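Trainee: I would like the atomic coordinates for the input below:
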Amino acid sequence: MSDEHRDVHVHADLNAVEHKLAANLPADEVAFWTVNGMPRQTGAGARIVFSTNDRVVAEGEIVDVVDGRIWFDGLEETDGEVIPAIQPPTRGFKYGPAVQEGSP
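Mentor: The predicted structure follows:
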């Protein structure tokens, strides 16, 4: 994997990910999202963002990717911020802009 990882945007409402919120997970557990294949353009340190249309409902930090899964820290619910310059997918997931590994 390269030194750049891209954020992942998933079309899902809060009801679909509520059980993955940090407040609903034991402190030592991480959550995952099932995908088809190996997510090759993202990795540890990038964000996974769940949104409905153009509003973010929850987000978290990716900790690992394996074939078929994106693992991430428990999600934090957001206040419905608008996703800038990214058309959210209507199904599946979409990559966002690249972020440098180790950057916030």
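Trainee: C-alpha only now, for contacts and for neighbours.
Mentor: Noted.
Trainee: ranges for the strands of the chain?
Mentor: All strands of the chain, identified by DSSP state E, fall at 4-11, 31-34, 47-52, 55-66, 69-72, 76-77, 93-100.
Trainee: In JSON lines, list these along with mean neighbour count and mean pLDDT.
Mentor: Conversion of the strands of the chain to JSON lines gives the following (neighbours: other CA atoms under 10 Å; pLDDT from 0 to 100):
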{"stretch": "strand 4-11", "mean neighbour count": "22", "mean pLDDT": "87"}
{"stretch": "strand 31-34", "mean neighbour count": "16", "mean pLDDT": "94"}
{"stretch": "strand 47-52", "mean neighbour count": "24", "mean pLDDT": "88"}
{"stretch": "strand 55-66", "mean neighbour count": "21", "mean pLDDT": "92"}
{"stretch": "strand 69-72", "mean neighbour count": "21", "mean pLDDT": "96"}
{"stretch": "strand 76-77", "mean neighbour count": "18", "mean pLDDT": "93"}
{"stretch": "strand 93-100", "mean neighbour count": "16", "mean pLDDT": "52"}
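Trainee: Surely residue 75 is in contact with residue 59?
Mentor: Yes. Between residue 75 and residue 59 a contact is recorded at 5.2 Å, counting by CA atoms under 8 Å.
Trainee: re the thing from before, distance to residue 17 added to the strands of the chain, as a markdown table?
Mentor: Listed next are these as a markdown table, based on distance: least, CA to CA, whole Å:
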| stretch | distance to residue 17 |
| --- | --- |
| strand 4-11 | 11 |
| strand 31-34 | 9 |
| strand 47-52 | 8 |
| strand 55-66 | 8 |
| strand 69-72 | 12 |
| strand 76-77 | 10 |
| strand 93-100 | 14 |
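Trainee: At the geometric centre of the protein, which residue sits there?
Mentor: Per CA atoms, centre = their mean, the C-alpha nearest to the average position across the chain is that of residue 48, at 1.3 Å.
Trainee: List the contacts of that residue.
Mentor: 7-10, 59-62, 72 (CA atoms under 8 Å, 6 or more residues apart in numbering).
Trainee: neighbours of the residue nearest to residue 73 when sequence neighbours are not counted, just the number please.
Mentor: Counting by CA to CA, 6 or more residues apart in numbering, the nearest residue to residue 73 once its immediate chain neighbours are dropped is residue 30, at 4.9 Å. Look at residue 30: counted by other CA atoms under 10 Å, it has 18 neighbours.
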